[in-house]
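Peer 1: Build me a structure from this.
(one chain, ligands or ions: 1)
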Amino acid sequence: MSKHIFVIGASRGIGAELVRAYAQNPDHQVYAFARNIDLMEAIFHQENVHCFSLDLSENVEGQFAQMIDQLPQVDVLIENAGYLVNKPFPNLTHVDISTSYQINVIGVMESIQCLLPKMNPAGAHIVNISSMGGFQGSMKFAGLAAYSTSKAALCSFTELFAEEYKETNIKMNCLCLGAVQTEMLEQAFPGYQAPLNPIQMAEFITDFSLNAQRYLNGKIIPVSLTNP
Ligand SMILES: NC(=O)c1ccc[n+]([C@@H]2O[C@H](COP(=O)([O-])OP(=O)(O)OC[C@H]3O[C@@H](n4cnc5c(N)ncnc54)[C@H](OP(=O)(O)O)[C@@H]3O)[C@@H](O)[C@H]2O)c1
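Peer 2: Predicted coordinates:
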């Protein structure tokens with residue numbers, strides 16, 4: 001079935017592979033959002049991919065106001081953008097902490113608020129991409145206090161949104177990813193070799209996003225073979 005699929009954080013890593021995976025089905029229309037629009041326009045050549053510039057770190061509402069009329073109804077929304085700072089806790093600055101929360105939590109919540117009027121009332125699935133670092137009871141790592149606590153907030157938001165929208169056909173779930181070989185992983189764990197590449201993880205997320213809302217809502221799901 002033809003779907004309108006929105007991927008936020010689409011210019012590289014897992015997000016770019018998500019766009020490629022969805023676009024393989026010519027029935028789908030894929031809407032790709034990130035700061036680096038030049039990169040997205042250079043790497044996505046498919047006719048069913050549409051690129052938009054979006055920076056979750058500032059004035060999210062104002063940016064959506066500029067483009068909302070060009071956007072169709074949303075069937076699937078993947079909140080994949082992420083920001084990671086890896087620093088010992090005493091060295092984290094106010095900017096490090098606030099940027100982590102702005103991009104990983106506040107920007108995500110605001111972008112969902114902006115897109116709510118566009119959600120398909122007959123059925124929409126929002127998938128938040130969190131991390132094993134934000135999953136309660138998982139192994140934790142030094143240096144990731146700002147990142148992992150913000151990802152934990154995204155998990156909590158998923159439960160709260162699902163409760164508030166439980167009488168509607170808008171479903172939200174959260175995937176807590178383990179290690180995937182991307183630039184972000186290299187920043188967090190230099191030299192570590194992940195068991196999965198972004199294409200493999202994108203395969204799982206595309207399938208989950210298109211089907212799981214029939215069975216799950218408000219769930220926080222670990223998707224991890226290993227943790228570094
Ligand atoms: N890789 C892993 O092992 C791993 C593990 C657990 C969770 N995750 C999560 O999975 C998601 C994807 O990770 P990844 O490894 O593929 O990361 P990545 O390679 O660093 O890509 C991050 C994406 O987010 C976008 N982004 C960053 N800041 C943004 C902003 N202010 N506004 C809009 N978009 C922004 C980037 O695009 P621009 O720079 O063009 O804006 C980029 O497309 C993240 O949420 C991450 O936390 C990854």
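
Peer 1: Roughly how far does residue 68 sit from residue 20?
Peer 2: As judged by Cβ to Cβ, to the nearest Å, residue 68 and residue 20 stand 26 Å apart. Bear in mind the C-beta positions are built from the backbone N, C-alpha and C, glycine included.

Peer 1: who's more crowded, these two?
Peer 2: residue 20 (20 against 13; other Cβ atoms under 10 Å).

Peer 1: Is the more buried one in a helix, a strand, or coil?
Peer 2: Following DSSP: H, G, I helix; E, B strand; the rest coil, we place residue 20 in the helix state.

Peer 1: Ok, the one 10 residues further on next?
Peer 2: Going by three-state DSSP, the secondary structure assigned to residue 30 is strand.

Peer 1: Which strands or helices does the helix or strand harbouring residue 162 pack on?
Peer 2: Taking DSSP states H and E as the criterion, residue 162 maps to helix 145-164. Applying 3 or more Cβ pairs under 8 Å, 6 or more residues apart in numbering; DSSP states H and E, one finds that helix 145-164 contacts helix 94-101, helix 107-115, strand 124-131, strand 170-177, strand 220-223.

Peer 1: what angle do the third one and helix 107-115 make?
Peer 2: Same thing as strand 124-131. Strand 124-131 and helix 107-115 meet at an angle of 170 degrees, taking axes from the mean of the first three to the mean of the last three Cα atoms, to 10 degrees as the criterion.

Peer 1: Ok, the fourth one next?
Peer 2: With the same axes, to 10 degrees as the criterion, the two stretches strand 170-177 and helix 107-115 enclose an angle of 160 degrees.

Peer 1: Paired strands for strand 170-177, with orientation please.
Peer 2: Here strand 170-177 is paired, per DSSP bridges, with strand 124-131 (parallel), strand 220-223 (parallel).

Peer 1: for those strands, which one sits closest to the ligand?
Peer 2: Evaluated over the strands paired with strand 170-177, closeness to the ligand peaks at strand 124-131, with 3.6 Å, by Cβ to the nearest ligand atom.

Peer 1: residue nearest the centroid of the chain?
Peer 2: Centroid check for the chain by Cα atoms, centre = their mean gives residue 80 as the closest residue, at 1.6 Å.
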